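Enquirer: one predicted model, sequence on top.
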Amino acid sequence: MLRFLCFLVISIYFTKVPLSEGDIGEWEMLLYISGALSFFWVTGIIQSFLPLSKRSMAFVQHKRVNGKSPELFNAFILLLVFSMVFALLIWLIYHTSFTPATGSKIPYPFLLIIYFILSNTAPLIEHIFLLQNKPLHIFRYGMITTVLQILAVCIPVTVGMGIEAAIWGLIIVNALRFLYLIVLLYRYAEFKLSMPFILNNLYVGYPIIFSALLSGSTQYLDGLVATIAFDKEYFAIFRYGCKELPFVVMMASGLHNALILRFSVKKDIPNVLSEIKKKSLRMMHILFPLSILIMIFSKWLYGNVLFNENFYRSADVFMVYQLMIISRLVFPQTILIGMKKTKVLMRASIIELIINVPTSLFFVQYYSVVGIALGSGLIHILEKFILIGYVYRRLKITPQSYIPIGWYLFYSILTGIVFILIDHRILYFV
């Protein structure tokens, strides 16, 4: 949540200072390329590492030194190798003078490569604290890095040094995060390389990687369509709009990651399902009303409070993305990953990707660029229902055992009604 808020604050600040929409577009393009080339394998490696971190067969006969984790070291090596490989891919794409995402040269390729390598190993830090059962350390680390990144990016722009200096500020903070990760590895990891563990991690993780690539790529496909259809100034407007409410995404992700570890003991599964139901209901009571309220005031927030009148059009895209909450607050994927049934995630994501493109193109005819977001939102909801059906049919786990169905249907229908009323200009606030 803090990471999302960090970049949201930076985005807001950039619209309040003398930066052109072209400069903002280059900043957003750099983050877009970095995210598009890393989100899927970072997710897959870390989420497959979590259920293996305490019961890996590769180290079952291994005598641990001072309780340190060899699994942790090998997960770091995997992240580092993937970072280097995809950094090389960025370099190769740049030297072709063309990138499929932009149709032009990559902005600041050297800085992008440095940032890419440093930033994509750092997510392991909060998961080290998660494994050590130190939630307050996660919070403190998040607060410190958030403040540092905001200052390191915004101060250079404030003093007139431009967007390139802001990128250097971002790199410096991520270099500090990388060094801190090395310190934590010395403290908690045993530096013992194990190819059997790495291969096992990849075997468990590759369906998650492909699932994340296929399902998560819909957001990046949205950006791809926007870059093809519009110039970099409009790309910035679209990117500012295609944001979900950070509390929804990050709280759901946090609950998902925390509960994956609980599936390690089979007899505890009924208790874990009950906990998913209880905690997801608590989140629904908070996040659904908040999302509805944000939808109603989205035009006013974008045009008058957060950004400026140049980004007023982003509000329409932003409002559509709030529909994603309907798919975020149910957790069949947590059950599947926790029980190592990951291949179905990949199949469901393939179905989602196949349907997403024609659906988005259909809605574009009626809603223009907003139709891209609308198509993606509806397909995300469809994918989640496919997973719920699989969990019920194959694992014999009923939806009501982990979903508060009554409240979920009430909030989902209410959200849909509010969206329709706003879309038809019956209910909205400017």
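Expert: Nice, I can see it.
Enquirer: which elements pack onto the helix or strand encompassing I420?
Expert: Assigned by DSSP states H and E, I420 falls within helix 405-423. Judged by 3 or more C-beta pairs under 8 Å, 6 or more residues apart in numbering; DSSP states H and E, the packing partners of helix 405-423 are helix 269-296, helix 314-321, helix 325-328. Backbone N, C-alpha and C define where each C-beta goes, glycine included.
Enquirer: hmm, 10 Å instead?
Expert: helix 269-296, helix 314-321, helix 325-328, helix 370-395 (3 or more C-beta pairs under 10 Å, 6 or more residues apart in numbering; DSSP states H and E).
Enquirer: next SSE downstream of the first one?
Expert: So the one you mean is helix 269-296. helix 298-300.
Enquirer: now that following helix, how far from the centre of its chain.
Expert: Its chain's C-alpha centre and that of helix 298-300 lie 24 Å apart, by C-alpha atoms, centre = their mean, to the nearest Å.
Enquirer: contacts for that helix?
Expert: 241, 306, 312-322, 422, 428-430 (C-beta atoms under 10 Å, 6 or more residues apart in numbering).
Enquirer: buried ones in it?
Expert: S298, K299 (16 or more other C-beta atoms under 10 Å).
Enquirer: what mean pLDDT does that helix have?
Expert: For helix 298-300, mean pLDDT is 79.
Enquirer: what about I388, how many residues nearby?
Expert: 20 (other C-beta atoms under 10 Å).
Enquirer: so what's it up against?
Expert: Going by C-beta under 10 Å, 6+ apart, I388 touches V330, F331, P332, Q333, I335, I397, T398, P399, Y402, I403.
Enquirer: returning to what we had before: CA atoms of the helix holding I420 as CSV?
Expert: The C-alpha coordinates for helix 405-423 follow below in CSV (Å, rounded to 0.1, in the frame of the first residue of the first chain):
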residue,chain,number,x,y,z
ILE,A,405,-21.6,-14.7,-0.1
GLY,A,406,-24.5,-12.6,1.2
TRP,A,407,-22.4,-9.5,1.9
TYR,A,408,-20.3,-10.1,-1.2
LEU,A,409,-23.3,-10.1,-3.6
PHE,A,410,-24.8,-7.1,-1.8
TYR,A,411,-21.7,-5.0,-2.2
SER,A,412,-20.9,-6.2,-5.7
ILE,A,413,-24.5,-5.4,-7.0
LEU,A,414,-24.4,-2.0,-5.2
THR,A,415,-21.1,-1.1,-6.8
GLY,A,416,-22.4,-2.0,-10.2
ILE,A,417,-25.6,0.1,-9.7
VAL,A,418,-23.5,3.1,-8.6
PHE,A,419,-21.3,2.7,-11.6
ILE,A,420,-24.2,2.7,-14.0
LEU,A,421,-25.8,5.7,-12.3
ILE,A,422,-22.5,7.7,-12.6
ASP,A,423,-21.9,6.6,-16.2
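Enquirer: hmm, back to that, any of the contacts of helix 298-300 buried? List them.
Expert: The neighbour-count test (16+ other C-beta under 10 Å) marks 241, 306, 312-322, 422, 428 as buried among the contacts of helix 298-300.
Enquirer: can you list the low-confidence ranges for the stretch 101-250 of the chain?
Expert: 101-105, 211-212, 214-239, 246 (pLDDT under 70).
Enquirer: circling back to that earlier point, can you put the helices and strands packed on helix 405-423 in TSV and add distance to I155?
Expert: Converted to TSV, these look like this (distance: least, C-beta to C-beta, whole Å):
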stretch	distance to I155
helix 269-296	30
helix 314-321	26
helix 325-328	34
helix 370-395	33
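Enquirer: looking at those, which one has the lowest mean pLDDT?
Expert: Among those, helix 314-321 scores lowest, at a mean of 81.
Enquirer: gap between that helix and the chain center?
Expert: 18 Å.
Enquirer: please apply the same query to stretch 42-54.
Expert: 16 Å.
Enquirer: do stretch 400-420 as well
Expert: With C-alpha atoms, centre = their mean, you get 23 Å for stretch 400-420.
Enquirer: can you give me the buried ones in it?
Expert: Quick answer for stretch 400-420 (16+ other C-beta under 10 Å): S401, Y402, I403, P404, Y408, Y411, S412, T415, V418, F419.
Enquirer: what's the answer for stretch 146-162, then?
Expert: Within stretch 146-162, the residues that count as buried by 16+ other C-beta under 10 Å are T146, L148, Q149, I150, A152, V153, C154, P156, V157.
Enquirer: of these, closest to K277?
Expert: T146 (31.4 Å; C-beta to C-beta).
Enquirer: is it true that that closest one lies in a strand?
Expert: No. Read with DSSP: H, G, I helix; E, B strand; the rest coil, T146 is helix and lies in no strand.
Enquirer: in this structure it contacts R177, no?
Expert: No. Taking contacts as C-beta atoms under 10 Å, T146 lies outside contact range of R177: 11.4 Å.
Enquirer: ok, I171 - contacts?
Expert: L111, L112, I114, Y115, I117, L118, S119, A152 are the contacts of I171 under C-beta under 10 Å, 6+ apart.
Enquirer: mind listing what's buried along the strand or helix carrying it?
Expert: Here I171, judged by DSSP H and E, is contained in helix 162-188. Judged by neighbour count using 16+ other C-beta under 10 Å, the buried positions of helix 162-188 are 163, 166-171, 173-178, 181, 184-185, 188.
Enquirer: where's P109 relative to F86, distance?
Expert: 13 Å (C-beta to C-beta, to the nearest Å).
Enquirer: same question for I10.
Expert: I10 is 24 Å from F86, by C-beta to C-beta.
Enquirer: ditto for L409
Expert: 41 Å.
Enquirer: swap in M1?
Expert: Note on M1: its distance to F86, by C-beta to C-beta, is 26 Å.
Enquirer: need phi/psi at E190.
Expert: Per-residue torsions, E190: phi -100, psi 130 (degrees, to the nearest 10).
Enquirer: what's the neighbour count on it?
Expert: Applying other C-beta under 10 Å, I find that E190 has 18 neighbouring residues.
Enquirer: could you shift the numbering so residue one becomes 87, and keep it that way?
Expert: Will do, 87 is the new start, and the previous item becomes E276.
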